[in-house]
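Colleague: starting from these lines, generate the structure:
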Amino acid sequence: MGKIKIIGKAKREYQPDQCEINLSLNARDRASDISSKQVNDQLESLLAAFVDIGINIENIVITNDRTSPLQN
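Modeller: Purely as a prediction, here's the structure:
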């Protein structure tokens with residue numbers, strides 16, 4: 001019985017229907033309320049910048065909102 005050897009490349013392009021980008025905003029302070037306010041201010045500035053470049057912020061989902069103790 002004979003053998004068949006195939007050498008070549010294939011390429012196929014698709015248009016994505018969704019894209020996921022993960023961003024993290026951080027602030028450090030001795031008081032959690034101050035850190036939380038700083039991050040909220042950062043987030044509002046970021047969302048405003050998204051609107052300015054035409055991104056629909058209704059599609060943005062916040063998945064994690066937490067505070068943690070300072071590490072020495």
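
Colleague: look up how far residue 11 lies from the most centrally placed residue in the chain.
Modeller: Note on the chain: the residue nearest the mean C-alpha position is residue 22, at 1.8 Å, using C-alpha atoms, centre = their mean. Noted for residue 22: a distance of 28 Å to residue 11, by C-beta to C-beta, to the nearest Å. Bear in mind the C-beta positions are built from the backbone N, C-alpha and C, glycine included.

Colleague: go on, residue 68?
Modeller: 45 Å.

Colleague: more neighbours: these two, which one.
Modeller: residue 68 (7 against 4; other C-beta atoms under 10 Å).

Colleague: which residues of the chain fall in helices?
Modeller: 32-52 (DSSP state H).

Colleague: can you list the weak-confidence ranges in it?
Modeller: Within the chain, the stretches with pLDDT under 70 are 72.

Colleague: which parts of it are strands?
Modeller: Taking DSSP state E, the chain contains no strands at all.

Colleague: what about residue 32, how many neighbours?
Modeller: Residue 32: 13 neighbours (other C-beta under 10 Å).

Colleague: doesn't residue 68 make contact with it?
Modeller: No: using C-beta atoms under 8 Å, residue 32 is not in contact with residue 68, being 9.1 Å away.

Colleague: any shared contact partners between those two?
Modeller: The contact sets of residue 32 and residue 68 do not overlap (C-beta atoms under 8 Å, 6 or more residues apart in numbering).
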